[in-house]
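>>> The sequence and its predicted three-dimensional model are supplied below.
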Amino acid sequence: MDKNIKYQIEALVVSVITGKQPTQIINVLNNNHLNNLQLADSEFNIPAPIDLLIGADLNYQITTGSSSSCPTIIEFKWKQKVTTTH
């Protein structure tokens, strides 16, 4: 990842984005596919406030390094592909 890349965004500062997410504790004991993954949020399964919400276009640029501003396919870190509609 190139640490010199800069993104121009328009930010809207609000006191609350949404309620806590997820809305209830998720039991992850049977999710063996997560056991050896290094997650950005190790407590993703516990309800907590949302601090930042970014659009899919910026998320795509950050995670892939692409300069595309309106992707039709979003690649998640686990390489699952989802087709989006506009």
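Looks like it arrived, so ask away. Numbering: from 1, shown residues only.
>>> so who does the residue lying closest to Asn27 once chain neighbours are set aside touch?
Excluding its sequence neighbours, the residue lying closest to Asn27 (CB to CB, 6 or more residues apart in numbering) is Asn45, at 7.6 Å. Bear in mind the C-beta positions are built from the backbone N, C-alpha and C, glycine included. For Asn45, the contacting residues are Pro22, Ile25, Ile26, Asn27, Val28, by CB atoms under 8 Å, 6 or more residues apart in numbering.
>>> Mind doing that once more with 10 Å?
Shown in contact with Asn45 (CB atoms under 10 Å, 6 or more residues apart in numbering): Pro22, Gln24, Ile25, Ile26, Asn27, Val28, Leu29, Asn31, Leu34, Leu39.
>>> For the second one, which non-adjacent residue is spatially closest?
In this structure, Gln24 finds its nearest non-sequential neighbour in Pro47, 6.6 Å apart by CB to CB, 6+ apart.
>>> Just confirm that neighbour contacts Thr18, I think it does.
No - if you go by CB atoms under 10 Å, Pro47 and Thr18 don't touch, sitting 11.4 Å apart.
>>> who's more crowded, those two?
For Pro47 versus Thr18, neighbours defined as other CB atoms under 10 Å are more numerous around Pro47 (13 against 10).
>>> still on that earlier bit, how much space between the residue nearest to Gln24 and Ile62?
Separation of Pro47 from Ile62 (CB to CB, to the nearest Å) stands at 25 Å.
>>> Equivalent analysis for Lys6, please.
11 Å.
>>> Of these two, give the one with the bigger neighbour count.
Ile62 (13 against 6).
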